[in-house]
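A.B. asks: Let me see the structure of the following:
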Amino acid sequence: METKNKLIIGITGGIGSGKTTFANLLEKKSCKVIYSDVLAKKVINESKRIQFKLMEKFGMHTFVNGEYNSEYIAFLVFSDKSRLHTLNQIVIPPVIDEIIKEIEAIDDSYRLVFVESALIYELELEKGFDYVISVSAKIENRKQRISEHFEKRMKSQLTQEEKNSLADFVIENNKDIPELEKAADSIIKILELLPNRVYEDEEEDFTDETDETNDY
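C.D. replies: Got it, this is the predicted structure:
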């Protein structure tokens, strides 16, 4: 994947950690941010081929009045690992293709490009990024931010501690938005000074078949 002088930075974290809020703050500071869950919805809603595959595997209730029935699919896959694997095989490869297209379409005047995804490490995509940021929060704060509906999703991901140990940077999100914004300012300044990392077989890392996901 040709990125020239861009730094491609992953943003990850557990459910309720505040990774999307952090990504939103970066976007407000004129950084380019790609949201993998938005692209997943785009792929599902626009690709007839993907829709057919989903209905073939999960039944006609996958779509209701033409709309993707995400609650129904969540109910099926988060209690059955084999179904989760099937969902990933269908959805993840085209989502990765979309991410690559978006990165390549970004003007070269942008030095920093962020990709927000909950499951960078679960999908073994970390080598496709120059650096990875893990947004972290205490478990009690995370539970306050999410509903009971997401408890099973938390269990299907790596723990927050595991993500933190793998990341290049960890952003603690246990206070308020102004504090998180200060962290965003600091990380931007640091990243602007860092070099690109060169990985072998970068495109292959992005396009390999992937495993577990629940939040793209």
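A.B. asks: mind listing the strands in this protein by residue range?
C.D. replies: Using DSSP state E, the strands of the chain run over residues 7-12, 32-35, 63-64, 67-68, 112-116, 131-136, 169-172.
A.B. asks: Within its sheet, name the partner strands of the second one and how each one runs.
C.D. replies: Using DSSP bridges, the strands paired with strand 32-35 in its sheet are strand 112-116 (parallel).
A.B. asks: Please produce a markdown table containing the strands of the chain, extended by mean neighbour count.
C.D. replies: C-beta here means a position set from N, CA and C on the backbone, and glycine is covered the same way. Output for the strands of the chain, formatted as a markdown table (neighbours: other Cβ atoms under 10 Å):
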| stretch | mean neighbour count |
| --- | --- |
| strand 7-12 | 24 |
| strand 32-35 | 20 |
| strand 63-64 | 14 |
| strand 67-68 | 12 |
| strand 112-116 | 23 |
| strand 131-136 | 25 |
| strand 169-172 | 18 |
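A.B. asks: Compile those strands into CSV and extend it with columns for mean pLDDT and distance to Ala184.
C.D. replies: Formatted as CSV, these follow (pLDDT from 0 to 100; distance: least, Cβ to Cβ, whole Å):
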stretch, mean pLDDT, distance to Ala184
strand 7-12, 96, 10
strand 32-35, 97, 11
strand 63-64, 94, 37
strand 67-68, 93, 32
strand 112-116, 97, 10
strand 131-136, 97, 10
strand 169-172, 97, 8
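A.B. asks: Distance to Glu179 added to those, as CSV?
C.D. replies: Listed next are the strands of the chain as CSV, based on distance: least, Cβ to Cβ, whole Å:
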stretch, distance to Glu179
strand 7-12, 17
strand 32-35, 20
strand 63-64, 41
strand 67-68, 36
strand 112-116, 19
strand 131-136, 13
strand 169-172, 9
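A.B. asks: How about the contacts made by the residue positioned nearest the centre of the chain?
C.D. replies: For the chain, Ser117 is the residue whose C-alpha lies nearest the centre (Cα atoms, centre = their mean; 0.9 Å). Taking Cβ atoms under 8 Å, 6 or more residues apart in numbering as the contact definition, Ser117 lies against Gly10, Ile11, Thr12, Ser36, Asp37, Leu123, Leu125, Tyr216.
A.B. asks: The fourth one: neighbour count?
C.D. replies: When neighbours are defined as other Cβ atoms under 10 Å, Ser36 has 26 of them.
A.B. asks: Counting by contacts, list what the longest helix along the chain packs against.
C.D. replies: In the chain, taking DSSP state H as the definition, the longest helix is helix 81-105. Applying 3 or more Cβ pairs under 8 Å, 6 or more residues apart in numbering; DSSP states H and E, we find helix 81-105 packed against strand 32-35, helix 36-46, helix 48-58, helix 70-77, strand 112-116, helix 202-207.
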